[in-house]
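> Predicted model, plus sequence, below.
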Amino acid sequence: MTNKLLIVWTSADIEVAKKMVLLYGSVILPRGYWDEAVIMIWVPSAKLLAQDKELQKQVKIVQETGVKFNCCVVCSDDYGVSDKLTSLGIDMIHTGEMLTQALQNDWKTITF
């Protein structure tokens, strides 16, 4: 059985982004805590990430460990940041579908 983690990042709080989502995200695969991990960017976190260069650098570091990122395309379009986030290697998806599938397929899910 594969241990899978979905982190749903909804907060626009920069400290939550730095000290929880991206800090934890940077160690979860290298330390073997999880076999697969996805960070889902949803609502104000999309706008925050698009505007903050330091967070963008941290996302690249996390991506290099193998953690995947996706973003709510509806939210990012509303904020006008889809192109910016796509340029960071973040997949634009309908997050409600992925969240539902993750919950129905025994992914562990946490939200910040």
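Here it is on my side, so go on. Numbering: from 1, shown residues only.

> rest of the way, CA atoms for contacts and neighbours
Noted.

> shaky segments in this structure?
Residues of the chain meeting the criterion pLDDT under 70: none.

> Gly96: neighbour count?
Summarising burial for Gly96: neighbours were counted as other C-alpha atoms under 10 Å, giving 11.

> Correction: the previous question concerned Trp34.
Trp34 is flanked by 15 other residues according to other C-alpha under 10 Å.

> residues in contact with the residue lying closest to Leu48 once chain neighbours are set aside?
Distances taken as C-alpha to C-alpha, 6 or more residues apart in numbering put Ala12 closest to Leu48, at 5.9 Å, once the chain neighbours are dropped. Contacts for Ala12 (C-alpha atoms under 8 Å, 6 or more residues apart in numbering) come out as 44-45, 47-48.

> Tell me the one of the residues you listed nearest Val62?
The closest of the contacts of Ala12 to Val62 turns out to be Ser45 (C-alpha to C-alpha; 16.0 Å).

> Just give the closest residue to that closest one, not the sequence neighbours.
Nearest to Ser45 is Ala12, by C-alpha to C-alpha, 6+ apart, at 4.8 Å.

> Name the residues that touch the top helix by length along the chain?
Selection of the longest helix in the chain by residue count, based on DSSP state H, yields helix 53-64. When contacts are defined by C-alpha under 8 Å, 6+ apart, helix 53-64 is touched by residues 17-18, 22, 25-26, 49-50, 69, 88.

> ranking the residues you listed by neighbours, who comes first?
Neighbour tally across these (other C-alpha under 10 Å): the maximum, 25 neighbours, falls on Gly25.
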